[in-house]
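> sequence? don't have it. structure:
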Ligand code: SF4
Ligand code: SF4
């Protein structure tokens, strides 16, 4: 499930970049990795990009679909990376089996906040519900990521590429989800401007 | 994404393509007439793309029963004068190698290209063998793309090369090339292939010993010519400037080109035979040379030899000197680690790592997967009896995870059956082998015949989910085909198994757990080899075909006694425990009804 969302989002971002005439390379993983395991996709946009992978600390933006998985991927980020993360956890079966523990989401967010000043948490599931369907989580997150400062593409191109890929009957819901996601992060950003972080 | 599969027929311009889609496009631009494969990650999307466009593009495409057959189909098609393409994952080439090692002797008339998609880091594989060594072993020219764009260009060039040299050419990718997505400029499609006939030439194509000897000499002569072509190939080029030299190929080139500074790079795309003069010239001009390549020191050993033969004293660094690892795939971080030898790009300091302990998230069988139900029923049938589980390649190898633990031994495609014979013959343990429908046809049938022939007592469970699921739901001999303008009927398991000489064979629906348990219990009591076919379609396949009817279940919290049997013993990922109460995630549950059968209190039922 999460895996499909990651692949959809990266496909949308990649084709939006192509649409804007930018160079782009991406990496995805198929096969065994798609059976409920953690999935990482990378998108690199800019002149002369060749490597589909990102060095540690080399990401400008980290879009996390799940809190624990996002924290697992933290090493791709640096102090100057904007981090948008869905706070809704998907608990792995190992935890239900009682073999491992899932830390409280607040702890995960605290850890993020300890490491980075550019954290934008969002409850994408609630926002999706608000827009009319729990299935619209991906659209919420794509809208959200378009709002951060480091984002290199136009929000409209991303929205168009997204809407092109969703079934006709759920277009309205996904458009609402995209806009609501965008709004949520925009308001977080303006809060940040009003109260500069005191280190 | 599926929309690219049709987009791949676009006349001109550029497309954002997966490396594998770019290879498929290359086939269309090269005027390929025949393509055959057995699906395997990371090569599968070449097939899922060709499957959809074959009809329109006038190509004959098939999923062969295994890679060896695919190689034979393509080898013979190319000998008949048609360009042919066969592709597979790295371990698939092991299966195809029996045909390949001799095909390389008799050679080809029209272009014949073999693609091997290697899997460094074993993302979806049982080993990380470096098939560049196959090129060397077989004496086969090889091209190694670094990007989706090159993947397409090299596919087209490989056909030209193959016809020039009258021999098959290897196109070798890795996961990160096959599954990278990048911009690919398009060239015109070619589809005007005239009809041809197989022209007989037994002195060349019938490889009896006398002909093999003559072919062997021709092969050596062809490789000599290949070396000349490699020296001139535009796929071997230099870029950048500096006293330090870097020799690299494949995906490692993209890391070196972007993250190393003040170095001149010799990028090799035509890597067998490697261009000796170019390498010698390059190495002798440099103060030092680093060879940056994934897996085996394939180029590095060639560079060392070439330098030694010519008395070039430039120091050469790489895996042999311990500067680069031999195991697992590279990343930009790997080349950034070469700081002591060469200038590297500045990258901001990485955050973390976090000290918070995170739960692992291994891949698991999907919610509503029929394999889980089969495993559960087999374990019920065994009761307290211990058994050795001989597993095979497919989604169902995930039975290794807790709480099922239904995988004790696994080597390769079809090994479950042969290996079950080995254990059951020499120990007094009960042995149960599991094999998927597609895998059974691929390499399980000879193992079963062997078990009948030599009287090995074990139970073989064929997990028939009506598809080749792990690699993207391809059809297989049991389903028959229905694409590319051709429709065939499926092979009947019971008839096939009986025909092999097995006297106990039953088919059961694993979603009826009780009946499956009873069938398995009977099969376990049978003396000699017995077969149970557990037949139920993969829910993901049904969902793709929009044929999945879901009946979401929920839990009556009044009846539930929180014994957690459903979660801890059956472990469907749609089930979880929140604040001690068991709940079912409605977005995951397909309503197979198995957890309801497992619950001792009848607390689970369809949502009303
Ligand atoms: S098996 Fe039944 S009683 Fe036990 S936890 Fe599951 S639902 Fe509840
Ligand atoms: S009915 Fe039960 S076992 Fe089947 S998919 Fe739903 S939760 Fe899983």
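Happy to help now that I have it. Everything numeric in this text was worked out from a predicted model, so none of it was measured. Ligands and ions are numbered 1, 2, ... in the order given.
> which residues touch residue 183?
Just going to use chain A. A:143, A:147 (CB atoms under 8 Å, 6 or more residues apart in numbering or on different chains). Placement of C-beta: from N, CA and C, glycine included.
> nope, chain B please
Residue B:183 touches A:18, A:23, A:24, B:14, B:15, B:16, B:148, B:149, counting by CB under 8 Å, 6+ apart.
> got the phi and psi for the fifth one?
If I follow you right, that is residue B:15. Per-residue torsions, residue B:15: phi -130, psi 150 (degrees, to the nearest 10).
> how about the secondary structure of residue B:533?
Using DSSP: H, G, I helix; E, B strand; the rest coil, the structure places residue B:533 in strand.
> neighbours of it, how many?
21 (other CB atoms under 10 Å in any protein chain shown).
> pretty sure it is touching residue B:494, no?
Yes: here residue B:533 reaches residue B:494: they are 6.8 Å apart, a contact under CB atoms under 8 Å.
> joint contacts of the two?
B:505, B:507.
> separate out the buried members of the contacts of residue B:183.
A:18, A:24, B:15, B:16, B:148, B:149 (16 or more other CB atoms under 10 Å in any protein chain shown).
> out of those residues, which are close to ligand 1?
When contact is defined as CB under 6 Å from any ligand atom, the buried ones among the contacts of residue B:183 do not meet ligand 1 at all.
> phi, psi for the one residue sitting closest to the centre of chain A please.
Centroid-nearest residue in chain A, with CA atoms, centre = their mean: residue A:63, separated by 2.6 Å. When read as degrees, to the nearest 10, the backbone of residue A:63 gives phi -110, psi 110.
> then residue A:71?
Residue torsions, per degrees, to the nearest 10, at residue A:71 are phi -70, psi -30.
> surely it touches residue B:355?
No: using CB under 8 Å, residue A:71 makes no contact with residue B:355, being 10.6 Å away.
> out of these two, which sits in the busier spot?
More crowded of residue A:71 and residue B:355, by other CB under 10 Å: residue A:71, with 24 against 7.
> in the longest helix seen in chain A, what counts as buried?
Ordering each helix of chain A by length in residues (DSSP state H) puts helix A:171-194 first. Of the residues in helix A:171-194, A:173-182, A:184-186, A:188 count as buried by neighbour count, 16+ other CB under 10 Å.
> stretch B:473-485 too?
Residues of stretch B:473-485 classed as buried by neighbour count (16+ other CB under 10 Å): B:473, B:474, B:475, B:476, B:477, B:478, B:479, B:481, B:483, B:484.
> partners of the one helix or strand residue B:183 maps to in the sheet?
Under the criterion of DSSP states H and E, residue B:183 resides in strand B:180-185. Strand B:180-185 has the following strand partners under DSSP bridges: strand A:24-27 (antiparallel), strand B:14-18 (antiparallel).
> how about residue B:480, secondary structure?
Assignment for residue B:480 (three-state DSSP): coil.
> err, residue B:403, not the other one
Strictly by three-state DSSP, residue B:403 counts as coil.
> before we move on, the earlier item: now the contacts of residue B:183 as JSON lines including distance to residue B:63 and pLDDT?
Listed next are the contacts of residue B:183 as JSON lines, based on distance: CB to CB, whole Å; pLDDT from 0 to 100:
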{"residue": "A:18", "distance to residue B:63": "31", "pLDDT": "94"}
{"residue": "A:23", "distance to residue B:63": "35", "pLDDT": "97"}
{"residue": "A:24", "distance to residue B:63": "32", "pLDDT": "97"}
{"residue": "B:14", "distance to residue B:63": "30", "pLDDT": "94"}
{"residue": "B:15", "distance to residue B:63": "25", "pLDDT": "95"}
{"residue": "B:16", "distance to residue B:63": "26", "pLDDT": "95"}
{"residue": "B:148", "distance to residue B:63": "23", "pLDDT": "98"}
{"residue": "B:149", "distance to residue B:63": "27", "pLDDT": "98"}
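> and of those residues, the nearest to ligand 2?
Distance to ligand 2 across those (CB to the nearest ligand atom) is lowest for residue B:16, with 35.4 Å.
> any idea how far that closest one lies from residue B:75?
34 Å (CB to CB, to the nearest Å).
> follow-up on the earlier one: how about the buried residues of helix A:171-194, which pair is most distant?
A:173 and A:188 (22.9 Å; CB to CB).
> next up, the contacts around residue 145.
With no chain named, the answer covers chain A. Residue A:145 neighbours (CB under 8 Å, 6+ apart): A:61, A:63, A:84, A:151, A:185.
> nope, chain B please
So residue B:145 contacts B:19, B:151, B:153, B:154, B:171, B:173, B:177, B:250, B:269 (CB under 8 Å, 6+ apart).
> show the buried residues in these.
Buried, going by 16+ other CB under 10 Å: B:19, B:151, B:153, B:154, B:171, B:173, B:177, B:250, B:269, out of the contacts of residue B:145.
> dump the contacts of residue B:183 into JSON lines; add distance to residue B:592 as well.
Below are these laid out as JSON lines (distance: CB to CB, whole Å):
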{"residue": "A:18", "distance to residue B:592": "41"}
{"residue": "A:23", "distance to residue B:592": "46"}
{"residue": "A:24", "distance to residue B:592": "40"}
{"residue": "B:14", "distance to residue B:592": "44"}
{"residue": "B:15", "distance to residue B:592": "39"}
{"residue": "B:16", "distance to residue B:592": "37"}
{"residue": "B:148", "distance to residue B:592": "39"}
{"residue": "B:149", "distance to residue B:592": "44"}
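> just give me the neighbour total for the residue of the stretch 351-500 of chain B found nearest ligand 2.
As assessed by CB to the nearest ligand atom, ligand 2 sits closest to residue B:368 within the stretch 351-500 of chain B, at 3.7 Å. Using other CB under 10 Å, residue B:368 has 27 neighbouring residues.
> in stretch B:120-140, which residues are buried?
B:120-121, B:123-125, B:128-132, B:134-136, B:138-140.
> again but with stretch B:311-331, I slipped
B:312, B:316, B:317, B:318, B:319, B:324, B:329, B:330, B:331.
> so that stretch, near chain A or not?
Yes: against chain A, stretch B:311-331 shows contacts by CB under 8 Å from any CB of the partner chain at residue B:331.
> start to end distance for that stretch?
Taking CA to CA, to the nearest Å as the measure, stretch B:311-331 stretches 33 Å from start to finish.
> ok now it, how far from the chain's centre?
28 Å (CA atoms, centre = their mean, to the nearest Å).
> show me the contact partners of it.
A:53, A:55, B:120-121, B:128, B:174-176, B:245, B:251-252, B:255, B:280, B:283-284, B:286-297, B:300-301, B:303-304, B:306-307, B:334, B:338, B:340-341.
> now that stretch: mean pLDDT?
The pLDDT scores in stretch B:311-331 average 98.
> was I right about residue B:85 contacting residue B:110?
No: under the criterion of CB under 8 Å, residue B:85 makes no contact with residue B:110, lying 10.8 Å away.
> these two: who's more crowded?
Neighbours per residue (other CB under 10 Å) separate residue B:85 from residue B:110, with residue B:85 holding more: 32 against 22.
> specify the beta-bridge partners of that one.
With DSSP bridges as the rule, residue B:85 is bridged to residue B:35, residue B:113.
> the helix or strand containing residue B:463 - contacts with which helices or strands?
Using DSSP H and E, residue B:463 sits in strand B:459-464. Applying 3 or more CB pairs under 8 Å, 6 or more residues apart in numbering or on different chains; DSSP states H and E, one finds that strand B:459-464 contacts helix B:370-382, helix B:415-426, strand B:430-436, helix B:437-439, helix B:493-499, helix B:513-525, strand B:530-535.
> so in that sheet, which strands flank it, and in what orientation?
Checking strand B:459-464 against DSSP bridges gives partners strand B:430-436 (parallel), strand B:530-535 (parallel).
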